[in-house]
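>>> Turn this into a structure:
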Amino acid sequence: MTDLGLETDFTRFPALLVLGAEPFYLTRDHQGGYLLLSAFCPHSGGQVHDRDDCFLCPVHGWRFDLNTGQCVNGPLARMYSAPVAVRDGRLVVEGDLP
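Residues are numbered from 1 along each chain as shown. Model (predicted):
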């Protein structure tokens, strides 16, 4: 379990987080739940960037939905993710980091 901090500290999504030395994005899915997405492309391993309307892999141009990490312009692919729960007002990653 990884503690991300107080839920009230996160007011804008996606939120870029660095855990250890690895970048991640904290997002809200379409049902209002939280999701932690790896900032690395599942295809080429390039670092994915927030482009306001999508996440973009600059290596090959794949675009990913800002809420779910689902690829929107290529094959059936998704950014690696882990569910995030709210416990006592804190956001915690359930299980291993993606």
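
>>> Break down the chain into its helices, ranges please.
Read by DSSP state H, the chain holds no helices at all.

>>> Please, where are all the strands along it?
2-6, 15-19, 22-28, 34-38, 49-50, 55-56, 63-64, 81-87, 90-93 (DSSP state E).

>>> and the fourth one, what does it pack onto?
In this structure, strand 34-38 makes packing contacts with strand 22-28, strand 81-87, judged by 3 or more Cβ pairs under 8 Å, 6 or more residues apart in numbering; DSSP states H and E. Bear in mind the C-beta positions are built from the backbone N, C-alpha and C, glycine included.

>>> what mean pLDDT would you report for that strand?
Confidence for strand 34-38, expressed as mean pLDDT, is 96.

>>> And the first one, by the same measure?
Strand 2-6 carries an average pLDDT of 96.

>>> so what strands line up beside it?
strand 90-93 (antiparallel) (DSSP bridges).

>>> Please apply the same query to the fifth one.
Sheet pairing for strand 49-50, assigned by DSSP bridges, gives strand 55-56 (antiparallel).

>>> go on, the second one?
Sheet pairing for strand 15-19, assigned by DSSP bridges, gives strand 22-28 (antiparallel).

>>> what comes into contact with the strand it pairs with?
Residues outside strand 22-28 that contact it (Cβ atoms under 8 Å, 6 or more residues apart in numbering) are 4, 10, 13-18, 34-40, 47-48, 50, 55, 66-69, 84, 91, 97-98.

>>> Drop anything exposed from the residues you listed.
The neighbour count (16 or more other Cβ atoms under 10 Å) marks 4, 10, 14-15, 17, 34-40, 48, 50, 55, 66-69, 84, 91, 98 as buried among the contacts of strand 22-28.

>>> residue contacts, the residue nearest the centre of the chain?
Geometric centre of the chain, nearest residue: residue 37, 2.3 Å, by Cα atoms, centre = their mean. When contacts are counted by Cβ under 8 Å, 6+ apart, residue 37 is found next to 14, 24, 25, 26, 27, 55, 69, 79, 80, 81, 98.

>>> next one: residue 18
Contacts for residue 18 (Cβ under 8 Å, 6+ apart) come out as residue 24.
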